[in-house]
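Trainee: Requesting a structural model of the entry that follows:
(one chain, ligands or ions: 1)
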Amino acid sequence: MAEVKAFKIVDNVYWVGAKDWSRRLFDSLIPLPKGTSYNAYLVIGSEKVALIDTVNPGFEKTLEDRIREVVDPREIDYVIMNHAEPDHAGAIPYILNVALKAKLVTTSMGSKMARIFYGVPAERVHVVKDGDVIPLGSKTLRFIEAPMLHWPETMFTFLEEDGILFSCDFFGSHLAEGMFDDEVEDILIHAQRYWAEIMMPFRSSALRALEKVSKLDVKIIAPSHGPIYRNPKKILAKYLEWAQGKTKEKVLIIYTSMWGYTEKVVRLIESELIKQGVHTAVHNLAYADVGEVAKDLADSKALILATPTVIGFAHPLTMQVTYLAKLLKPPTKYASLIVLYAWGTNADRQLSDALKELGAEILDVIKINVTPTEDDIKKVKELVNKVLQKIKE
Ligand code: FEO
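Mentor: Next up is the predicted model:
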């Protein structure tokens, strides 16, 4: 018997996924302080049965056991693949081997990925396009193409009679805890972190998808990671804000320090900002959780990057976070740069070029020779004032 039973969401709709409490890293990059979940759902119509998404490799038997608590897997008619990434589709070969009559339902791009990733033959695939419907008897599944959220094949499945949107990664959060949103006090913080790590680079695709979602009567959002939203209003509003690139009057300081000199300058900036009552977030890259850095990039209007010089260039951790920020495409409006050096540096040029790629307006680049002089301190304070003025505009 499985350790957690299939969980009924509404009549004839069950959660049959897996909780991965111990997982601590995603994509060999993103820390998962609270594990994650791979949500799969079983929809039982009066005539047909559908499984929506599967689970991460290693959890195939858990999925099968949970399905068996509700139906014999041989009764599954459709396996819906909203997304081909292995954390949701990795158990497809296993499940198609058990659910022998089932067809895999996916987009045209998804059918190619099902073949490449999982060796699913064309005769077992049913390709759907935007607006297509599959009737299950008493329940109806409608498919909504939502490409580039965050792969090209991604789609949503909408269960019309119950108003449930199965959105796969969209609206997800890396949390093993909680079946429903109202059971997790800080759900929106986890959702923001997930948004920033996975969806932020695709803001225009997100806006297009949200427009489609706004036309549906959504009562429940059932993503493939984290809790199910039985109160979807707040997360829908947040997603709209994030997709529109709305930022707060918030300054994000990201820095590296080798001997404490950069740290000293950062403390000066931080205390000036706090004195002015500005929402400030600070990350020391030697210890930072990149998920938290990404979360703060999602809503900070200004970024201040401070780095020491290593062999003539920026510290490798600074370069790493700059590259990450470039990939994540945050809505940062203003950026400033502080470079510390002992006898020479190219880091200012190197990082200015990198910051330009963020699309942010560069307010200031300050170079400090080890210990800030009176003049340097004056420049730093001027920078803070400039940042303050800009974020309040
Ligand atoms: Fe959770 Fe893109 O997979």
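
Trainee: Near the closest residue to the ligand within the stretch 101-250 of the chain, how many residues? Count them for me, please.
Mentor: For the stretch 101-250 of the chain and the ligand, the shortest gap (Cβ to the nearest ligand atom) falls at Asp169, measuring 4.4 Å. Backbone N, C-alpha and C define where each C-beta goes, glycine included. Neighbourhood size, Asp169 [other Cβ atoms under 10 Å]: 21.

Trainee: wouldn't it be in contact with Ser224 here?
Mentor: Yes: taking Cβ atoms under 8 Å as the definition, Asp169 is a contact partner of Ser224 at 6.2 Å.

Trainee: Show me whatever sits in contact with both of these two.
Mentor: Counting by Cβ atoms under 8 Å, 6 or more residues apart in numbering, the contacts common to Asp169 and Ser224 are His83, His88.

Trainee: neighbours around the residue in the stretch 51-200 of the chain that the ligand sits nearest to, how many?
Mentor: Closest contact between the stretch 51-200 of the chain and the ligand, by Cβ to the nearest ligand atom, is at Glu85 (3.7 Å). Using other Cβ under 10 Å, Glu85 is surrounded by 20 other residues.

Trainee: Kindly report the same for the one 5 residues further on.
Mentor: Neighbour count for Gly90, taken as other Cβ under 10 Å: 20.

Trainee: What score does it have for pLDDT?
Mentor: Turning to Gly90, the model gives it a pLDDT of 98.

Trainee: Got the phi and psi for the closest residue to it other than its chain neighbours?
Mentor: Of all residues not flanking Gly90 in the chain, Pro57 sits nearest, at 4.0 Å (Cβ to Cβ, 6 or more residues apart in numbering). When read as degrees, to the nearest 10, the backbone of Pro57 gives phi -50, psi 140.

Trainee: was I right about Pro57 contacting Pro86?
Mentor: Yes: with contact defined as Cβ under 8 Å, Pro57 counts as touching Pro86 (6.1 Å).

Trainee: If Tyr255 is in a bridge, with which residues?
Mentor: Asn284, Ala306 (DSSP bridges).

Trainee: Correct me if wrong: it contacts Glu263.
Mentor: Yes: taking contacts as Cβ under 8 Å, Tyr255 lies within contact range of Glu263: 7.1 Å.

Trainee: Quick check: mean pLDDT of the helix or strand hosting Asp65?
Mentor: Using DSSP states H and E, Asp65 sits in helix 60-68. In this model, helix 60-68 has an average pLDDT of 97.

Trainee: tell me the contacts of the residue nearest to Thr54 when sequence neighbours are not counted?
Mentor: Leaving aside its chain neighbours, Thr54 sits nearest to Ala91 (3.7 Å; criterion: Cβ to Cβ, 6+ apart). Shown in contact with Ala91 (Cβ under 8 Å, 6+ apart): Thr54, Val55, Asn56, Pro57, Phe59, Glu60, Leu63.

Trainee: hmm, try it at 10 Å
Mentor: By Cβ atoms under 10 Å, 6 or more residues apart in numbering, Ala91 lies in contact with 18, 38, 40, 51, 53-64, 79, 98, 118.

Trainee: so who does the residue of the stretch 101-250 of the chain closest to the ligand touch?
Mentor: Asp169 is in contact with 82-83, 85, 87-88, 146, 149-151, 154, 194, 198-199, 223-225, counting by Cβ under 10 Å, 6+ apart.

Trainee: Repeat that for Ala206.
Mentor: Ala206 neighbours (Cβ under 10 Å, 6+ apart): 146, 148-150, 170, 195, 199-200, 239-240, 242-244.

Trainee: Tell me the buried residues within those residues.
Mentor: Applying 16 or more other Cβ atoms under 10 Å to the contacts of Ala206, the neighbour count classes Ala146, Met148, Leu149, His150, Phe170, Trp195, Met199, Met200, Tyr239, Leu240, Trp242, Ala243 as buried.

Trainee: Quick check: neighbours shared by Pro57 and Pro86?
Mentor: Contact criterion Cβ under 10 Å, 6+ apart; residues shared by Pro57 and Pro86: Tyr38.

Trainee: quick check, stretch 24-38 touching the ligand?
Mentor: No: between stretch 24-38 and the ligand, judged by Cβ under 6 Å from any ligand atom, nothing touches; the nearest distance is 7.7 Å.

Trainee: any idea which element whichever residue of the stretch 251-393 of the chain sits closest to the ligand lies in?
Mentor: Relative to the ligand, the nearest point of the stretch 251-393 of the chain is Gly291 (14.2 Å; Cβ to the nearest ligand atom). If you go by DSSP H and E, Gly291 is part of helix 290-297.

Trainee: still on that earlier bit, out of the buried ones among the contacts of Ala206, who's nearest Lys326?
Mentor: Taking Cβ to Cβ as the measure, Met200 is the one of the buried ones among the contacts of Ala206 closest to Lys326, at 11.9 Å.
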